[in-house]
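1. could you work out the structure for the sequence below:
(one chain, ligands or ions: 1)
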Amino acid sequence: MSISIVIVGSGPSGFYVAEALIKSEADVTIDIIDRLPTPYGLIRGGVAPDHQSTKRVTRAYERTALNEKVRYYGNVELGRDISLDELRATYDAVVLTIGMPGDSKLMVRGEEKTGVIGSAAFVGWYNGHPDFSRLAPDLNSKNVVVIGNGNVAVDIARVLVKTPKEMTEADLPQHVSNAIQASPITDVYMVGRRGPVEAKFTNVELREMGNLENAAAIVDPSDLPEEVTGDWSNRDRRLRERNLESLKGFAAETRDGKRKAVHFTFYAKPVEILGDEKVTGIRLEKTTVIDGRAQGTGEFWDIECSLVIPAIGYALEPVQDIPFDENTGTIRNVDGRVEEGVYVAGWAKRGPTGVIGTNKPDGKAAAEQILEDIGSGTKPGRDSFEARLKSREVRWIDFAAWQQIDAAEIANAPTGSPREKFVTTEDMLSLLSNSSS
Ligand SMILES: Cc1cc2nc3c(=O)[nH]c(=O)nc-3n(C[C@H](O)[C@H](O)[C@H](O)COP(=O)(O)OP(=O)(O)OC[C@H]3O[C@@H](n4cnc5c(N)ncnc54)[C@H](O)[C@@H]3O)c2cc1C
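-> As a prediction, this is how the structure comes out:
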């Protein structure tokens, strides 16, 4: 009998597990479930809307989804519609590729105030993720503070300051685009505890900030060292040297007639979010880096703003009966094995690091482990799974239904943009109901 495998989560790591299983030519059936109707995880809901070329990787995932061994079940959530125990009883192998959907905490006084919105939520909002479609962040502010010195912080700053023309080819939902363009935002402060050498930007993303139509990239030249020092691998040193070069270019730039600016604010530690219930500003403390760690100097200053976006990392909330590792914040596992018949790959295994391609070897490893551990299938698999969903009246979205949603989004696209996203599950389901009636 075929080995029946269910992959929970249709982001890159889920698709890389499926791809590796197909390539192995083993006798397998592969079901991929996702809590959202739409597939592709952070490729749809995280990768920046103006970086469409990065999103093209989904074409390969689409080929995988259309393989005869694979079925897609969107709008099915582990923990809501089905439990891990039920999946284990139904499938020979369960692979958890659920990513890290939540925000890491800032751990700063006042972070519960209205107007502190973590990057998972904010990015989800501008990418039309149904969980955040009603977020309505208060953009009525001249200044926005983004905390973090990585690519996600850069993405957020860029999306807030690009002109409508620069965003023409993006798939920002119309209501988000209108809200950003109508806002008085002129200055985005990107705040990092440590210095430019420690920052985690990749150079392509950083360089792009120096070439924006109506936004200057501004750095205090006194924050930039002459050269990169410290104990880095050759690869890391080269990246840091390139970043330092780019930042030196920004330091020479003044506002130069541009209406907006992104301020790279290094050596600054958030110490308090100001305001009563709503954010009115943030208090920062100047730092100095000693042995790679940022230490406060006792010099403080405030930035007035109504929106603070921590982009400092991601977290996985414990899901129902899934073993959780408190120390790493990931699903507890030994090299990807969770417990008998249960595997993990991608961010849920490694934590929120690396690029899309980093998930590929992970997916391959999970596929190899499954085929090593399980000789042939003994569990009922797909039919039993579908019967259970039907008995619970779970309305799942198969891949053909997703393709209908996809086609409708493409058909609704404003000129130049690849698509106008549906941002609620209800809208997607009613599209499907209307087209089948
Ligand atoms: C804002 C942002 C921008 C990024 N930009 C880039 C970039 O430009 N280039 C690049 O190379 N990398 C980028 N990355 C990194 C890249 O997106 C990740 O490496 C990759 O998406 C991780 O894949 P994953 O499959 O582990 O998780 P995810 O992509 O998060 O996929 C997890 C999937 O599991 C589903 N799920 C979660 N819980 C459940 C449940 N209980 N039941 C069913 N399904 C569930 C989710 O809906 C989701 O579809 C970015 C990341 C972020 C956050």
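
2. and the longest helix for this protein?
-> Assignment by DSSP state H gives helix 234-252 as the longest helix of the chain.

3. which residues touch the helix or strand hosting residue 180?
-> Using DSSP states H and E, residue 180 falls within helix 174-182. Identification of contacts with helix 174-182 by CB atoms under 8 Å, 6 or more residues apart in numbering yields 125-126, 128, 136-137, 139, 159-160, 164, 167, 172, 414, 420, 423. Placement of C-beta: from N, CA and C, glycine included.

4. return the member of those residues nearest to residue 114.
-> Among the contacts of helix 174-182, residue 137 lies closest to residue 114 (CB to CB), at 9.7 Å.

5. you'd agree that closest one is up against residue 122?
-> Yes. Residue 137 lies in contact with residue 122 (CB atoms under 8 Å); the separation is 6.5 Å.

6. between those two, which is the more surrounded one?
-> Set residue 137 next to residue 122 and count neighbours by other CB atoms under 10 Å: residue 122 wins out with 25 against 22.

7. spatially, and excluding backbone neighbours, which residue is closest to that one.
-> residue 309 (5.1 Å; CB to CB, 6 or more residues apart in numbering).

8. name the element residue 285 belongs to?
-> Taking DSSP H and E as the definition, residue 285 sits inside strand 281-290.

9. how far does that strand sit from its chain's centre?
-> Per CA atoms, centre = their mean, to the nearest Å, the displacement of strand 281-290 from the mean C-alpha position of its chain is 27 Å.

10. show me which residues of it are buried.
-> Within strand 281-290, the residues scored as buried using 16 or more other CB atoms under 10 Å are 281-285, 287, 289.

11. interface residues of this structure facing the ligand?
-> For the chain, the residues in contact with the ligand (CB under 6 Å from any ligand atom) are 8-14, 33-36, 41-42, 46-47, 51, 54, 77-79, 97-99, 101, 123, 152, 155, 319, 346-347, 354-356, 359.

12. would you map the strands across the stretch 151-300 of the chain?
-> For the stretch 151-300 of the chain, the strands defined by DSSP state E, counting those that start in this stretch occupy 187-191, 215-219, 260-265, 268-274, 281-290, 293-304.

13. which of these is buried the deepest?
-> strand 187-191 (a mean of 24; mean count of other CB atoms under 10 Å).

14. can you name every helix or strand that it contacts?
-> strand 143-147, helix 151-161, strand 260-265 (3 or more CB pairs under 8 Å, 6 or more residues apart in numbering; DSSP states H and E).

15. okay, now the sheet partners of that strand, with direction.
-> strand 143-147 (parallel), strand 260-265 (parallel) (DSSP bridges).
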